[in-house]
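**Q** below: sequence and its predicted model.
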Amino acid sequence: MDGTTKQIDKTAPIFIDQLHKQYRGKKRKTVNALKGISLTVAPGEVFGFLGPNGAGKSTTIKSLLGLIRPTSGVVKLFGQAANTAKSRTRVGYLPENPAFYDFLSAREYLQFVGRSFGMAVDDIRHQSQKVLSLLGLEDAANRPIRGYSKGMVQRLGIAQTMLHDPDLYILDEPLSGLDPLGRTLVKDLILDLKNRGKTVFFSTHVTADAERVCDRIGVIIDGVLHPEQVVSELLRDGVDGYFCRVVGGDQNLLKRFSAVSGSGDVYEVFVPHADYNTFAAELLASGGLFDLVEPRRRDIEDYFLALVEKFKGS
């Protein structure tokens with residue numbers, strides 16, 4: 001992104017190099033689901049994987065977890081080939097549509113998960129109570145999962161990713177099916193994981209979610225991953241102007257910027273980023289004052305939609 005050569009860390013939590021995936025579609029037509037994706041996600045980073053439906057997000061995640069075999073390319077977790085069981089011991093995974101043994105209760109299911117990871121009985125008991133509490137499932141912990149709402153099933157899916165305290169979380173649409181309280185809870189959990197040094201890789205098509213919690217984002221469109229962006233830089237560089245509420249000032253200056261008159265000497269005006277310093281200096285010199293200044297910025301949604309529009313059908 002900055003033109004400098006970056007050292008590639010093949011022992012990073014996620015390392016992907018030139019990942020391709022082809023399969024046979026309808027009428028035996030070859031479908032190129034992934035077209036040479038390369039990506040490294042660093043320890044302690046929250047990476048948002050954005051893209052429209054069918055762009056290749058879930059195919060990438062399934063390749064990361066060894067659930068499907070890539071046509072070509074390298075996929076590693078913590079420096080180990082992703083198609084080995086050992087590589088996944090430090091990973092917590094949430095599929096896009098989690099499904100469980102619905103005759104079990106949440107507590108029983110977590111016991112099953114804990115045993116699968118070789119956890120001690122006391123650790124399973126302690127961690128189960130902890131994650132059930134964090135996800136707001138304590139009151140339903142002993143009820144059969146078949147009676148859970150979609151949001152409760154999603155919370156349980158997140159709880160089971162946290163049970164063995166992994167170093168890497170791979171989450172496919174983790175906020176799907178959650179109400180506003182649940183969405184806020186999960187986003188806060190992701191930020192807490194980051195603060196604890198965990199790595200989080202999650203796919204989403206809801207750009208506002210990525211904007212709040214991600215360090216970097218990558219957008220995949222039609223199997224092609226476009227250059228990753230640092231969220232803070234994207235938001236900072238995306239300021240294209242300022243909405244200003246001013247009091248008084250030179251009338252000719254205000255007319256030049258098409259100011260809209262409010263009550264009394266109050267005016268509202270949009271000032272392009274390139275003109276702001278000049279406008280501010282002339283306003284203050286003419287005796288005007290700023291009452292409010294708010295930046296108008298291009299957010300992640302604007303960036304995402306512009307990319308999709310640019311490459312749609314290309």
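**A** Everything's here; your move. Note that the structure is a prediction, hence the values are computed from the model and not measured.

**Q** how much space between the residue nearest to residue 268 when sequence neighbours are not counted and residue 266?
**A** Leaving out its chain neighbours, the residue that sits closest to residue 268 by C-beta to C-beta, 6 or more residues apart in numbering is residue 260, at 4.9 Å. Bear in mind the C-beta positions are built from the backbone N, C-alpha and C, glycine included. Going from residue 260 to residue 266 by C-beta to C-beta, to the nearest Å gives 10 Å.

**Q** quick one, which of these two is more surrounded?
**A** residue 266 (15 against 10; other C-beta atoms under 10 Å).

**Q** which ones are touching that one?
**A** Under the criterion of C-beta atoms under 8 Å, 6 or more residues apart in numbering, the neighbours of residue 266 are 245, 246, 247, 291.

**Q** widest-spaced pair of those residues?
**A** Pairwise distances across the contacts of residue 266 (C-beta to C-beta) peak at 7.8 Å, for the pair 245 and 247.

**Q** can you pull the poorly scored residue ranges out of the stretch 201-314 of the chain?
**A** 235-238, 298-299, 312-314 (pLDDT under 70).

**Q** can you pull out the strands in it?
**A** 216-221, 224-230, 239-247, 260-261, 266-272, 289-297 (DSSP state E, counting those that start in this stretch).

**Q** tell me the buried residues in the top helix by length along the chain?
**A** Taking DSSP state H as the criterion, the chain has its longest helix at helix 180-195. Neighbour-count burial for helix 180-195 flags 182, 183, 185, 186, 187, 189, 190, 193, 194 (criterion: 16 or more other C-beta atoms under 10 Å).

**Q** name the nearest residue to the second one, ignoring sequence neighbours.
**A** By that I understand residue 183. Leaving out its chain neighbours, residue 183 is closest to residue 175 (C-beta to C-beta, 6+ apart), at 5.0 Å.

**Q** same thing with residue 254?
**A** Nearest to residue 254 is residue 267, by C-beta to C-beta, 6+ apart, at 5.5 Å.

**Q** beta partners of that neighbour?
**A** Using DSSP bridges, the beta-bridge partners of residue 267 come out as residue 246, residue 261.

**Q** so what's residue 100 up against?
**A** Counted by C-beta under 8 Å, 6+ apart, residue 100 has contacts 109, 145, 153, 156, 157.

**Q** which secondary structure element contains the third one?
**A** Translated: residue 153. Using DSSP states H and E, the element containing residue 153 is helix 150-162.

**Q** closest to the centroid, which residue in the protein?
**A** Nearest to the geometric centre of the chain sits residue 48, at 2.9 Å (C-alpha atoms, centre = their mean).

**Q** on the three-state scheme, it is what?
**A** Secondary structure for residue 48, judged by DSSP: H, G, I helix; E, B strand; the rest coil, is strand.

**Q** hang on, the earlier thing: okay, the strands of the stretch 201-314 of the chain, which one's buried deepest?
**A** Mean neighbours per residue, mean count of other C-beta atoms under 10 Å, is largest over those for strand 216-221, with a mean of 22.

**Q** paired strands for that one, with orientation please.
**A** Counting by DSSP bridges, strand 216-221 is paired with strand 46-50 (parallel), strand 224-230 (antiparallel).

**Q** redo those as CSV? Include distance to residue 170.
**A** As requested, the strands paired with strand 216-221 are exported to CSV (distance: least, C-beta to C-beta, whole Å):
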stretch, distance to residue 170
strand 46-50, 10
strand 224-230, 16
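
**Q** of those, which approaches residue 138 most closely?
**A** With respect to residue 138, and counting by C-beta to C-beta, the nearest of these is strand 46-50 at 26.7 Å.

**Q** how many residues are close by the nearest residue to residue 98 once chain neighbours are set aside?
**A** Spatial nearest neighbour of residue 98, chain neighbours left out: residue 157 (3.5 Å); criterion: C-beta to C-beta, 6+ apart. For residue 157, the number of neighbouring residues by other C-beta under 10 Å comes to 23.

**Q** roughly how far apart are residue 157 and residue 118?
**A** Residue 157 sits 21 Å away from residue 118, going by C-beta to C-beta.

**Q** thinking again about what came up before, and the gap between the residue nearest to residue 98 and residue 189?
**A** 13 Å.

**Q** over to residue 177?
**A** Counting by C-beta to C-beta, the gap from residue 177 to residue 189 is 16 Å.
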